[in-house]
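mind folding the following:
(2 chains)
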Amino acid sequence: MTEYNFAYLDEQTKRMIRRAILKGLAIPGYQVPFASREMPMPYGWGTGGVQVSAAVLTPDDTLKVIDQGADDTTNAISIRRFFEKTAGVAVTEATSDASVIQTRHRIPEEPLRDDQILVYQVPIPEPLRFLEPSEVETRKMHSLEEYGLMHVKLYEDISQHGAIATAYAYPVKVEGRYVMDPSPIPKFDNPKLEMAAIQLFGAGREQRIYAIPPYTQVVSLDFDDYPFEATKADHACDLCGAEDSYLDELIVDDAGARMFMCSDTDYCAKRRAQGHVGAQAAEDAA
Amino acid sequence: MQAAALEGGFQDVPVEAAFAFRQIMTAMARPGTIRAVDGAVPPAPMSVAAGAVVLTLCDPDTPLFLSPTLDTPEVRSWITFYTGAPFAAAKDAAFALGAWDDLSLDAFSVGTPEYPDRSTTLIVAVDHLANEGATLQGPGIKDSATLSLPEVQAFQRNAALFPLGLDFIFTCQHRLAALPRTTRVS
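Numbers count the residues shown, from 1 in each chain, chains lettered A, B, ... in the order given. Sure, this is the predicted structure:
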């Protein structure tokens, strides 16, 4: 026999991950420890997300993988090929065709449906880690619901910058209980965390799995006088003209000229196929 | 060991376990949703669904509690052969298997404040499973859902323990539904 076990991992490992996923769904926002395995890719390349995907995939699934919104980056392509080879699943770049979407640092622009699953790759799952390095302490803080330190951090943002300067990995409170790191998604994506799809988070190096069931209340932390704002570059996409999507800023020549384009490549491509034209594309056509 | 104990497991373990887990996960993520599983033929009185849940989730790492009516040599040897799960007292169990009237909820672990995940998941056999009766609200439920629960108060007490608490998987023939500790029952 030369083939891999279905979805690469051995069955006992998948059972262990599956049990962690169920407990994660039962305690939304709580980080469940799991015995993360070595994967055939380095830490930081999505080993947590890959293990969660491997435990969730069935042969009937269609998988989409994005890296900061893009389907065509090295990381996304290699993970997609990994599961094509080891699980024999169909793959797609279209958000609406996918049943499982593994993502690094973005939520697709297109609203997800209740038959879809979103798997996040998480580098540092502990939102309090940079404020309190001790795991013993942060675990105690979560158990006592002692989150004052996080508000102090946001307050220091305001006192230094005049606004909450945290732009990604913006902390949220899940179902009024656990403060959770939504992984380094831009805070523009935070309002989308309340969605119809199941959201699973895997941190391989840090050995944690957590989850948000569909329609779970997810509130971005803020203050009454400094309310949360889902910000993006004040611009439209230069390729498709979208004004409602999260944008990447690109320096395009030595003179410092720049352009903005949708970070979600599938969203942008679909809009262009529908005939939407942005400023840059119109210029090129002229 | 009787020959019957060597039959009734998944035929294609990785694939059948993957399909079964997706159904179990969907049920846990969306309380009130009833899903069907198959592939397991456990000895009576275990249902197909209870068998599939045990095959999918239990192994030598998960101490399992059997309620008295299920605790037969046939059930024990079937579970031992297919999963290797050690049998344990209620307080030490990661999973518990039995009929509702057979399980005394106070005996099981609800986790600790620092590790609320270290709580028992109960696989409860019910005679009737349908979207009627008790109203469910909470994470995983859009507005509200209904599920035929064997009782209401026990689940209200359990939900009040959040983030501690027990999680339930109800099995009836080849169908299952789940009720995590977050669900508010009325």
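
the lengthiest helix in chain B vs chain A: in contact?
Among the segments of chain B that qualify as a helix by DSSP state H, the longest is helix B:13-29. Yes: contact between helix B:13-29 and chain A is present through B:13-15, B:17-19, B:21-22, B:24-26, B:28-29 (criterion: C-beta under 8 Å from any C-beta of the partner chain). Where you see a C-beta, it was placed from the backbone N, CA and C, and this is true even at glycine.

the closest residue to residue A:267 other than its chain neighbours: what's it in contact with?
Of all residues not flanking residue A:267 in the chain, residue A:109 sits nearest, at 4.2 Å (C-beta to C-beta, 6 or more residues apart in numbering or on different chains). Counting by C-beta atoms under 8 Å, 6 or more residues apart in numbering or on different chains, residue A:109 touches A:95, A:242, A:244, A:245, A:246, A:262, A:264, A:267.

let's see 6 Å
Going by C-beta atoms under 6 Å, 6 or more residues apart in numbering or on different chains, residue A:109 touches A:245, A:264, A:267.

thinking again about what came up before, touching the longest helix of chain B from outside, list them.
A:5-6, A:18, A:22, A:25, A:58-59, A:198, A:213, B:10, B:33, B:35, B:37, B:39, B:52, B:56, B:140, B:176-178, B:180.

next secondary structure after that helix?
strand B:35-36 (DSSP states H and E).

just the angle for the helix or strand just after that next one relative to helix B:13-29, thanks.
Once the chain leaves strand B:35-36, the next helix or strand it forms, by DSSP H and E, is helix B:48-57. Angle of helix B:48-57 versus helix B:13-29, following axes from the mean of the first three to the mean of the last three C-alpha atoms, to 10 degrees, is 110 degrees.

pull the residues that contact helix B:48-57.
A:19, B:10, B:17, B:20-21, B:37, B:39-40, B:42, B:82, B:123, B:125, B:169, B:171, B:174-176.

and those residues, which of them are buried?
A:19, B:10, B:17, B:20-21, B:37, B:39-40, B:42, B:82, B:123, B:125, B:169, B:171, B:174-176 (16 or more other C-beta atoms under 10 Å in any protein chain shown).

got the residues of the stretch 1-150 of chain A near chain B?
Neighbours of chain B within the stretch 1-150 of chain A, by C-beta under 6 Å from any C-beta of the partner chain: A:5-6, A:12, A:15, A:18-19, A:22-23, A:25-28, A:32, A:58-59, A:139, A:143.

and the residues you listed, which are buried?
A:5-6, A:15, A:18-19, A:22-23, A:25-28, A:32, A:58, A:139, A:143.

keep only those of those residues that are in helices.
Per DSSP H, these map to helices at A:15, A:18, A:19, A:22, A:23, A:25, A:26, A:139, A:143.

going by residue numbers, what spans are strands in the stretch 151-286 of chain A?
Assigned by DSSP state E, counting those that start in this stretch, the stretch 151-286 of chain A shows strands spanning A:172-174, A:178-180, A:198-203, A:208-212, A:218-220, A:247-251, A:258-262.

run through the neighbouring helices and strands of the fifth one.
Think strand A:218-220. Using 3 or more C-beta pairs under 6 Å, 6 or more residues apart in numbering or on different chains; DSSP states H and E as the contact test, the elements touching strand A:218-220 are strand A:172-174.

please give the element, helix or strand, for residue A:103.
Taking DSSP H and E as the definition, one finds residue A:103 inside strand A:100-104.

the following helix or strand past that strand pairs with which strands?
Next helix or strand after strand A:100-104 toward the C-terminus (DSSP H and E): strand A:117-121. Using DSSP bridges, strand A:117-121 pairs in its sheet with strand A:100-104 (parallel), strand A:198-203 (parallel).

now strand A:117-121 against strand A:208-212, angle please.
With the same axes, to 10 degrees defining the directions, strand A:117-121 sits at 140 degrees from strand A:208-212.

now for the residue nearest the centre of chain B: which residues touch it?
Centroid check for chain B by C-alpha atoms, centre = their mean gives residue B:123 as the closest residue, at 2.1 Å. Residues near residue B:123 by C-beta under 6 Å, 6+ apart: B:50, B:53, B:97, B:169.

repeat the analysis, applying 7 Å as the threshold.
Residue B:123 makes contacts with B:50, B:53, B:95, B:96, B:97, B:169, B:171, as judged by C-beta atoms under 7 Å, 6 or more residues apart in numbering or on different chains.
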